[in-house]
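1. sequence first, then the predicted structure:
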Amino acid sequence: MELRQHMPQPGPSVTVIVPTLNERGNVHALVERLDRALVGEDWEVIFVDDDSTDGTAAVVRELGRSDRRVRCVQRLGRRGLSGACLEGMLASSATYIAIIDGDLQHDEKILPDMLADLRSGAVDVSVGSRYVDGGGIGEWSGERARMSRFATALTRIVVPVPLADPMSGFFAIRRDALEPSLRRLSAQGFKLLLDILSASPGLRVRERAYQFNRREWGDSKLDSMVLWEFAMLLGGKIGGRRLPARFLLFACIGALGVLVHLAALRAGLLAAMPFHWAQLAATIVAMTSNFWLNNAFTYRDVRLHGWAFVKGLLTFGAICSVGAVANVGVAQFIYGMQYQWWIAGLAGAALGAVWNYAVSSIFTWGGRTGG
Ligand code: GDD
Ligand code: MN
C-alpha cells in the first residue's frame, strides 16, 4: 500500500483580518461569533497584533493550537491600524478578504451579505456602514456622534467616492480589486478604506447597514493614536527649527479663529440662515476677530487705530483670501499624492498660516516689526 506523504487541501476562500491592540478579552468571543456568522464558508481569521502588552497574541495562538482557522501575525516595534490590516491581507491567499475590529463593535452578522456582494461580481468593495438606512452608532454620546458626523462630512468633501461612511474600518474586498493599488497605499494612519478607494477610484462600492456596538471590554485606542499622529506630524514639521514667538501667537489666534468660525456658523444656522450665507458670515466674523486679536496682541507694539485699523482689516481680508486659495490648492495637491486626508488638510492649513503671517506682517502691520 502506498502512503501519500502530502494530502493537498485547498486554502480558505475567505480571510477575516482583525487588527488588535490589547484586545485579549475579546478574542474568544469574536472567534465564536465569526464561527456562527460564517457557517458554510471556508474561512480563516488572522489577528494582526502590534505586540499588545496584555498577551493578546498568546491568547490567539492558544486558540490556534486547537483550531487551524485561527492565526496570528505579531508585529514587533510597529504601530498603526492601516499597516496592520495591510500586512494581514498580504499574509492571506484567500479570494475574499474582510476586515473587522477586534472589539466586537462591528456587527459580524452582515459578513455573509458582504461576501455575497463580492461574489455577485457587481461589487469590488462591500462596506459596513453606520450612516445608511438601518445603520447606526448605538449608544454614542451626542458629542461623539456630532464629532464623527463632522469628520465624516469633512472627509466626504475630499474623497472622490460617494460613501456615507468613508471612515469605516469594517469592509470586505476582492483580492484582485486590492492588488493593483497595493504599492500605492500609504499604510500609515487608520483610514485604510479611504486609502484604497482613492488609490483605485474605479472600484465599485456597496454599503451595508449595521449598528455600531458598545465596547464591552478594553478601551478605544484610536483617539489617542490620532492625537499621537498629529503630534508626530507637527513635530516633524516644526522639528528643531526655532519658530518666532510672534508666529506662534499668530498661529494660536488662527486656531482660535476656527472655533470662532464654527460658533458663528452655528449661530447663523440657528438663526435659520441658509448654509452658504451662514458660512460666509462666519468667515467674515472669524477673520475680523482674528484681525482684532492679532492687532491687540501679536502686533501690540505697532497697533493700528482709527482709519489705519479699517485699512488694515481690508488688507488682512484680502491676504487671507489668497491664503485660503493657496491652502485649498496645496491640500488638494498633497491629497492627490495619496496622503491621508488630514495630513493634506493640515499641510494646506499650515501653508495658509505661513502665507497669512508672512504677508500680513508686511502689508497689514507695515513690516516695522522685528520678527
Ligand atoms: N494592530 C493594531 N495596531 N491594531 C490597532 C491599532 C494599532 O496601532 N490601533 C487600534 N487597533 C485595533 C483595536 O484593537 C481594535 O480592534 C480596532 O483596531 C479599532 O480600534 P478602536 O480603538 O476600537 O477604534 P474605535 O472604535 O475608536 O474606532 C472606530 O471608528 C473608526 C472611524 O470612525 C472603528 O470602527 C474604526 O475601525 C474606524 O476606522
Ligand atoms: Mn472600537
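-> Thanks, I have the structure now. All values derive from a computational prediction rather than experimental measurement. Ligands and ions are numbered 1, 2, ... in the order given.
2. how about residue 360, nearest residue that isn't a chain neighbour?
-> Leaving aside its sequence neighbours, residue 360 sits nearest to residue 319 (CB to CB, 6 or more residues apart in numbering; 5.1 Å). Quick note: C-beta positions are derived from backbone N, CA and C, even for glycine.
3. residues in contact with the one you found?
-> 355-356, 359-360, 363-364 (CB atoms under 8 Å, 6 or more residues apart in numbering).
4. which of those residues count as buried?
-> 355-356, 359-360, 364 (16 or more other CB atoms under 10 Å).
5. still on that earlier bit, would you mind giving the contacts of residue 319 as JSON lines with secondary structure and pLDDT added?
-> Listed next are those as JSON lines, based on DSSP: H, G, I helix; E, B strand; the rest coil; pLDDT from 0 to 100:
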{"residue": "355", "secondary structure": "helix", "pLDDT": "82"}
{"residue": "356", "secondary structure": "helix", "pLDDT": "86"}
{"residue": "359", "secondary structure": "helix", "pLDDT": "82"}
{"residue": "360", "secondary structure": "helix", "pLDDT": "87"}
{"residue": "363", "secondary structure": "helix", "pLDDT": "84"}
{"residue": "364", "secondary structure": "coil", "pLDDT": "89"}
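6. who in this protein is up against ligand 2?
-> Within the chain, the positions lying close to ligand 2 (CB under 5 Å from the ion) are 103, 105.
7. now do the strands in the chain.
-> Along the chain, the segments classed as strands by DSSP state E run 14-20, 43-49, 70-74, 96-99, 125-129, 171-174, 205-209.
8. can I get the last one as PDB, trimmed to CA atoms?
-> What follows is strand 205-209 as a C-alpha-only set of coordinates in PDB (Å, rounded to 0.1, in the frame of the first residue of the first chain):
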ATOM      1  CA  VAL A 205     -18.600  50.000  -3.800                       C
ATOM      2  CA  ARG A 206     -21.700  49.000  -1.900                       C
ATOM      3  CA  GLU A 207     -22.600  49.900   1.600                       C
ATOM      4  CA  ARG A 208     -24.300  47.600   4.100                       C
ATOM      5  CA  ALA A 209     -26.000  48.900   7.200                       C
END
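9. which other helices and strands contact that strand?
-> Judged by 3 or more CB pairs under 8 Å, 6 or more residues apart in numbering; DSSP states H and E, strand 205-209 is in contact with helix 111-120, strand 125-129.
10. for ligand 1, what's its nearest residue on this structure.
-> residue 169 (1.8 Å; CB to the nearest ligand atom).
11. model confidence score at that residue, please.
-> At residue 169, the pLDDT value in this model is 93.
12. dump the residue contacts of it.
-> So residue 169 contacts 81, 99-101, 106, 190, 192-193 (CB under 8 Å, 6+ apart).
13. minimum pLDDT in the residues you listed, which residue is that?
-> When those are compared, residue 190 shows the smallest pLDDT, 73.
14. show me which residues of the protein sit near ligand 1.
-> 19-21, 23, 48-50, 79-81, 84, 101-103, 105, 148, 167, 169, 190, 220-222, 225 (CB under 6 Å from any ligand atom).
15. re earlier: of all the helices and strands packed on strand 205-209, which one is nearest residue 351?
-> strand 125-129 (32.4 Å; CB to CB).
16. what packs against that closest one?
-> helix 111-120, strand 171-174, helix 192-199, strand 205-209.
17. sketch out the low-pLDDT regions of the stretch 201-350 of the chain for me.
-> 222-243, 337-338 (pLDDT under 70).
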